[in-house]
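Novice: Structure of the sequence below:
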Amino acid sequence: MTLVGHRAAPARGADEPTSRLPRSADATTILAFFVVLQLVLPARLVMNYLPLSLSAASLVALALGTLWLCAQLTTTLGAAKGRNPVRTMLFAYSCALLASYASAAFSFLPPDERAIGDHTMVIAFALIFVSLAVCDGVRSRERIYFLLHVVVVCGAIVAFVGILQFLLHFDPTPLLRPPGMHFGSFDPSTGSRDGLTRAAGTTSNPLEFGVFCAMVLPLAIHVAFRASKAGRRAAFWWTCVALVGGGLMFSVSRSAILGVVAAGLVLFAGWPARRRVWMGVAALGFLVVIKFASPGLLGTFLSLFQNANQDSSVQWRTHDYATARELIAQHLWLGRGIGTWYAPKHEVFDNQYLLTLVDSGVVGLVTLLGIFLAALYAAARVGQLCSRSTGRLPTAATDRDLALSVAASIAVVLPTWATFDFLAFPTVSALAFLVAGIAGALLRVVSAEAAGEEPDPYAIV
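Specialist: Numbers count the residues shown, from 1 in each chain. Next comes the predicted model:
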């Protein structure tokens, strides 16, 4: 999706090679700007002078939606067209949200719930626009890697802030407020557990921080292996991996461990035996370093799982099932309206599956799940194409490893939905939709090359 600095492609004859436009700003550039704003700025920051509490990243996401729509109305702005599993499910989820919103509009809702529902709808469509912009606007392998590099570097910065919070008890997030923004909440983002500080980085909560690091870690590992193979700045990228891994541990979050186990199962299933052994040894060495850096941390993690049945946080997550069943039965198909069940007015459902059923019903849950299942399918399809088209795809091995890492990142999402209200946390929500879009974009690139299609002359590659 060439949106800035575009000029018309020169005419060419039937036998002339496809011309390429010079590199200029495109959808990937704007998406990189979105990633920086979403990850590096504290999650509780919102813009001044707006009728809704919106972050700077949300404003960029809404602008991306406008640009995506404009690009779809023409064939000369480099946006991808045609079917894609991720794009199809994003469209289905959009329809489900609109149907749920319309259903709620025709029933009685208190003014406060209606206002929160409007705000939640805006945020939900901002996430959809981000995923669409990635899926249709990132048109080449090089631009995918540019976006991945931005995500990994910003993820390492977020993790570094968390490490400062844990080891030095210093929180720099109040210093990261730029002009024109204010903190929507003054509650401390960090917490404590068993006498240990729970780091949150720039996210809104230690639990979110841990799951965020679990999602970034597979992407960071892939980028580091690719850099090692190419002999370019490998030490820098492995440092990013170490920072993200450290951030995950310093969140002191059970959900983070659940997420990284899910990602690890996907990676170990797809990695060659030699890499499994190498990473297993590296993981053991990493745990030894963590043991020396914070002697009580590993024991705390062990007790979190050993005493899970007596843990008040686990009991809190399961006490509200009866209320959820009653609400779901009242509005089975379309829910009571997205965002209308909110804390502190109502009890919190620490379970995204239940909350989605309450908010947007069975239709909403199926289509929302469908986005990430479609992303997993897209990643699996890329691996399949790479196995079949090794001769036509010189980067088949790297593409397959990238698809595996994207699948591992998405695999973190599904089990952790059962442990907290995932979409109420802006950083992990944005990352999940972004990675789903990357899966769709990668499938477009690899499918076109495997089929021998000519590159779009209007797309910036």
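Novice: Show me the longest helix that occurs in the chain.
Specialist: Looking across the chain with DSSP state H, the single longest helix is helix 352-388.
Novice: Thr318: neighbour count?
Specialist: If you count neighbours by other C-beta atoms under 10 Å, Thr318 ends up with 9. (Glycine included, C-beta is placed from N, CA and C.)
Novice: can you pull the pLDDT of it?
Specialist: Listed pLDDT for Thr318 reads 71.
Novice: From Pro415, how far out is it?
Specialist: Distance, Thr318 to Pro415, using C-beta to C-beta, to the nearest Å: 16 Å.
Novice: now swap in Leu265 and tell me
Specialist: As judged by C-beta to C-beta, Leu265 and Pro415 stand 10 Å apart.
Novice: can you check Leu297 too?
Specialist: Leu297 is 22 Å from Pro415, where distance means C-beta to C-beta.
Novice: before we move on, what about Ala227?
Specialist: Computed as C-beta to C-beta, the Ala227 to Pro415 distance reads 29 Å.
Novice: which of those two has more neighbours?
Specialist: Taking other C-beta under 10 Å, Ala227 and Pro415 do not tie; Ala227 has more neighbours (18 against 15).
Novice: Identify the residues contacting that one.
Specialist: 233-234, 236-237 (C-beta atoms under 8 Å, 6 or more residues apart in numbering).
Novice: Just those residues: which are in helices?
Specialist: Judged by DSSP H, the subset of those located in helices is 234, 236-237.
Novice: low-confidence ranges in the stretch 301-450 of the chain?
Specialist: Applying pLDDT under 70 to the stretch 301-450 of the chain flags the ranges 308-317, 390-391.
Novice: just to revisit the earlier point, elements contacting whichever helix or strand comes after the longest helix of the chain?
Specialist: Going down the chain from helix 352-388, the next helix or strand is helix 396-411, by DSSP states H and E. Counting contacts by 3 or more C-beta pairs under 8 Å, 6 or more residues apart in numbering; DSSP states H and E, helix 396-411 packs against helix 206-230, helix 254-270, helix 352-388, helix 426-450.
Novice: Would you tell me what the next helix or strand after helix 396-411 is?
Specialist: Following helix 396-411 toward the C-terminus (DSSP H and E): helix 413-416.
Novice: Check which residues of that next one are buried.
Specialist: Buried residues in helix 413-416, defined by neighbour count with 16 or more other C-beta atoms under 10 Å: 413-414, 416.
Novice: CA atoms only for it - export them in CSV, please.
Specialist: Presented in CSV, the C-alpha positions along helix 413-416 are these (Å, rounded to 0.1, in the frame of the first residue of the first chain):
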residue,chain,number,x,y,z
VAL,A,413,-2.7,-16.0,22.5
LEU,A,414,-5.1,-18.9,22.7
PRO,A,415,-4.2,-20.5,26.1
THR,A,416,-3.7,-17.1,27.8
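Novice: mind listing what Cys386 touches?
Specialist: 393, 396-397, 399-400, 403, 446.
Novice: ok, 7 Å please
Specialist: The contact partners of Cys386, by C-beta atoms under 7 Å, 6 or more residues apart in numbering, come to 393, 396, 399-400, 446.
Novice: same deal with Trp68?
Specialist: If you count contacts by C-beta under 7 Å, 6+ apart, Trp68 has them with 1, 129, 132-133, 136-137.
Novice: did I read that right, it in a helix?
Specialist: Yes. According to DSSP: H, G, I helix; E, B strand; the rest coil, Trp68 belongs to a helix.
Novice: in the stretch 1-150 of the chain, which spans are helices?
Specialist: Here the stretch 1-150 of the chain has its helices, by DSSP state H, counting those that start in this stretch, at 27-40, 56-72, 85-105, 111-137, 141-163.
Novice: Which strands or helices does the fourth one pack on?
Specialist: Read that as helix 111-137. With contacts defined as 3 or more C-beta pairs under 7 Å, 6 or more residues apart in numbering; DSSP states H and E, helix 111-137 has these neighbours: helix 27-40, helix 56-72, helix 85-105, helix 426-450.
Novice: Relative to Ala159, which of those is closest?
Specialist: Nearest to Ala159 among the helices and strands packed on helix 111-137 is helix 27-40; the distance by C-beta to C-beta comes to 10.3 Å.
Novice: Who are the packing partners of that closest one?
Specialist: Using 3+ C-beta pairs under 7 Å, 6+ apart: helix 27-40 touches helix 56-72, helix 111-137, helix 141-163, helix 426-450.
Novice: what is the orientation angle of the shortest one with helix 27-40?
Specialist: If you take axes from the mean of the first three to the mean of the last three C-alpha atoms, to 10 degrees, helix 56-72 sits at 160 degrees to helix 27-40.
Novice: For helix 56-72, buried residues please.
Specialist: Across helix 56-72, burial judged by 16+ other C-beta under 10 Å covers 56-58, 60-65, 67-68, 71.
Novice: Equivalent analysis for the second one, please.
Specialist: Counting neighbours by 16+ other C-beta under 10 Å, one finds that the buried residues in helix 111-137 are 113-114, 116-137.
Novice: Tell me which two of the contacts of Trp68 sit farthest apart.
Specialist: Spanning the widest gap among the contacts of Trp68 are Met1 and Phe129, at 11.8 Å by C-beta to C-beta.
Novice: how close does the residue lying closest to Leu287 once chain neighbours are set aside get to Phe305?
Specialist: Leaving out its chain neighbours, the residue that sits closest to Leu287 by C-beta to C-beta, 6 or more residues apart in numbering is Leu298, at 6.8 Å. Taking C-beta to C-beta as the measure, Leu298 falls 12 Å from Phe305.
Novice: quick one: contacts of stretch 142-159?
Specialist: Counting by C-beta under 7 Å, 6+ apart, 28, 31-32, 35-36, 39-40, 138, 201-203, 212-213, 216, 219-220, 223, 240, 243-244, 246-247, 438, 441-442, 445, 461 sit against stretch 142-159.
Novice: actually stretch 93-105, sorry about that
Specialist: Contacts with stretch 93-105, where a contact means C-beta under 7 Å, 6+ apart, come from 117, 121, 124, 128, 334-338, 340, 360-361, 363-364, 367-368, 371.
Novice: Highest mean neighbour count out of the helices and strands packed on helix 111-137?
Specialist: helix 426-450 (a mean of 25; mean count of other C-beta atoms under 10 Å).
Novice: now the angle from that helix to helix 111-137?
Specialist: Angle of helix 426-450 versus helix 111-137, following the same axes, to 10 degrees, is 30 degrees.
Novice: Which strands and helices lie in contact with helix 426-450?
Specialist: Counting contacts by 3+ C-beta pairs under 7 Å, 6+ apart, helix 426-450 is packed against helix 27-40, helix 85-105, helix 111-137, helix 141-163, helix 206-230, helix 352-388, helix 396-411.
Novice: Could you dump the ones you listed into a markdown table and include distance to Pro179?
Specialist: As requested, these are arranged in a markdown table below (distance: least, C-beta to C-beta, whole Å):
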| stretch | distance to Pro179 |
| --- | --- |
| helix 27-40 | 14 |
| helix 85-105 | 34 |
| helix 111-137 | 23 |
| helix 141-163 | 20 |
| helix 206-230 | 26 |
| helix 352-388 | 35 |
| helix 396-411 | 34 |
